[in-house]
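[1] here are the coordinates; sequence isn't available:
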Ligand code: NAD
């Protein structure tokens, strides 16, 4: 592996069994991170600092990465269908742009709050660097439950939010995308609203956002891209565990965009879905669940709970279902010590961002369960978002074969970088993925310097 960095303490104090490297507490203090061990941002930065310690990342880069560059919070009024007004809270966090414009999704969920958005923005910085797309990291969202609003109310909410952050985003500066609760229709409203604000428009204002409908500048293959990347990663990494997809039973937590596409594509490779879960409940069928049929059922409204071709089970039964591969594809911090202790799998392929807590990870490591970390495993979404942006900027469109081929190339290359870092530093895959991401950022800072 080529690196200009030298390990500060030789080989690491983390190991594949999960013992963590010491963290430079002075940085945590200087940037005033919450001491709360359950805080997602503190957890995320701590993981980065552990990797930084092992690889000998320069102090000033650790410090810069420990807080985002910009944290934008907006409040905006929107008229409801009944004529009353409600005030909404929206966020855009721009973590780092050393490698290129800020990039990251917009989450529409009632529990969105600043520290989560900061963490997700941070993870985007790591992910873009790891997978080799020329972007930094950002994230945003609106504190809203889309299920509580009519289409007309959602349109007004999304358009008003866009106007509130319009001067802080841009096709060459910060390019949002879909995330939990947001979809291609929302992205179309954002692009359209942005294009009317002529002073911030540019040549092709629709390039301000990715994940758009195909008819309005979207890319073929974007909708399935994150699931496709999860499966590309599995295909690349399973042989090291003497597994092939056709030998794998698997379960999926969260059956939205990422969960359902991961399941459909892994099934096409010969794997068998035996259990699924979402916010409505948990289901199992040991003979196999047709992922495409379940996705259609979920798409008609509701969730997995009342799917008639599988049996409803409890949460504990879901986690204890024996599978080779478990794919968490719902929200953050869902695999804690208790869930990790119940899992009966060989591999956790993280489709969701930060689904495993540090405590959960220690339990998984002690039980010999391999974790394919989110910044590698779910990087397919941002990679095809990048392809969409390139197509918008060049006024061209690619066919699906090209998108799939280029995505696979990016995913396989990133997987190799993670594997190389793991064998060089003898650490777990998450630490290795962070190291591989940090190496590229460190080189950019070394070349750029720090202004002034
Ligand atoms: P989505 O809204 O399409 O789906 C979310 C799923 O999680 C739904 O099935 C929902 O029912 C389920 N869920 C929510 N709360 C739950 C709970 N308490 N218990 C069980 N299930 C629950 O969102 P998505 O786009 O599929 O995103 C899922 C995850 O993947 C998020 O962590 C997101 O940040 C991450 N991610 C998404 C993309 C993308 O391109 N969409 C890219 C990278 C990472």
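    Sure thing, it's come through. Predicted model, so just to flag it, every value in this text is computed and none were measured. Residues are numbered from 1 along each chain as shown.
[2] mind listing what's buried in stretch 119-134?
    Buried residues in stretch 119-134, counting neighbours by 16 or more other Cβ atoms under 10 Å, are found at 119-133. C-beta here means a position set from N, CA and C on the backbone, and glycine is covered the same way.
[3] what about these, which are in helices?
    Under the assignment DSSP state H, the buried residues of stretch 119-134 contribute 119-131 to helices.
[4] for the stretch 301-450 of the chain, which residues are neighbours of the ligand?
    Proximity of the stretch 301-450 of the chain to the ligand is confined to 303, 329, 330, 331, 351, 352, 353, 378, 381 under the rule Cβ under 6 Å from any ligand atom.
[5] pipe those into TSV and attach distance to residue 56 per row.
    Formatted as TSV, these follow (distance: Cβ to Cβ, whole Å):
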residue	distance to residue 56
303	47
329	34
330	36
331	34
351	32
352	31
353	27
378	28
381	31
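[6] thinking again about what came up before, farthest-separated two in the buried residues of stretch 119-134?
    Using Cβ to Cβ, the pair of the buried residues of stretch 119-134 lying farthest apart is 119 and 132, separated by 22.2 Å.
[7] how does this protein divide into domains?
    Following automatic domain parsing, the chain resolves into domains at 2-64, 70-200, 225-377.
[8] now find how far off-centre the longest one is within its chain.
    It stands for domain 225-377. Taking Cα atoms, centre = their mean, to the nearest Å, one finds domain 225-377 lying 15 Å from the centre of the chain it belongs to.
[9] likewise stretch 159-172?
    Taking Cα atoms, centre = their mean, the mean C-alpha location of stretch 159-172 is offset from the chain mean by 22 Å.
[10] one step back: list just the nearest of the buried residues of stretch 119-134 to the ligand.
    Closest approach to the ligand among these (Cβ to the nearest ligand atom): residue 120, at 6.4 Å.
[11] briefly note if stretch 192-211 comes near the ligand.
    No. Stretch 192-211 is not in contact with the ligand by Cβ under 6 Å from any ligand atom; minimum separation 7.0 Å.
[12] mind listing what's buried in stretch 251-271?
    251-267, 271.
[13] narrow the residues of the stretch 301-450 of the chain next to the ligand to those in helices?
    Per DSSP H, those map to helices at residue 381.
[14] so how do I select the buried members of the residues of the stretch 301-450 of the chain next to the ligand in PyMOL?
    Of those, the buried ones can be selected in PyMOL as follows, counting by 16+ other Cβ under 10 Å:
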select buried, resi 303+329+330+331+351+352+353+378+381
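[15] from the residues of the stretch 301-450 of the chain next to the ligand, which is closest to residue 432?
    Using Cβ to Cβ, residue 378 comes nearest to residue 432 of these, at 16.4 Å.
[16] residue nearest the centroid of the chain?
    Nearest residue to the geometric centre of the chain (Cα atoms, centre = their mean): residue 353, 4.2 Å.
[17] what sits against it?
    Taking Cβ atoms under 8 Å, 6 or more residues apart in numbering, we find residue 353 in contact with 119, 120, 123, 332, 374, 378.
[18] what do you get for residue 65?
    With contact taken as Cβ under 8 Å, 6+ apart, residue 65 is in contact with 45, 48, 95, 96, 122, 125, 438, 441.
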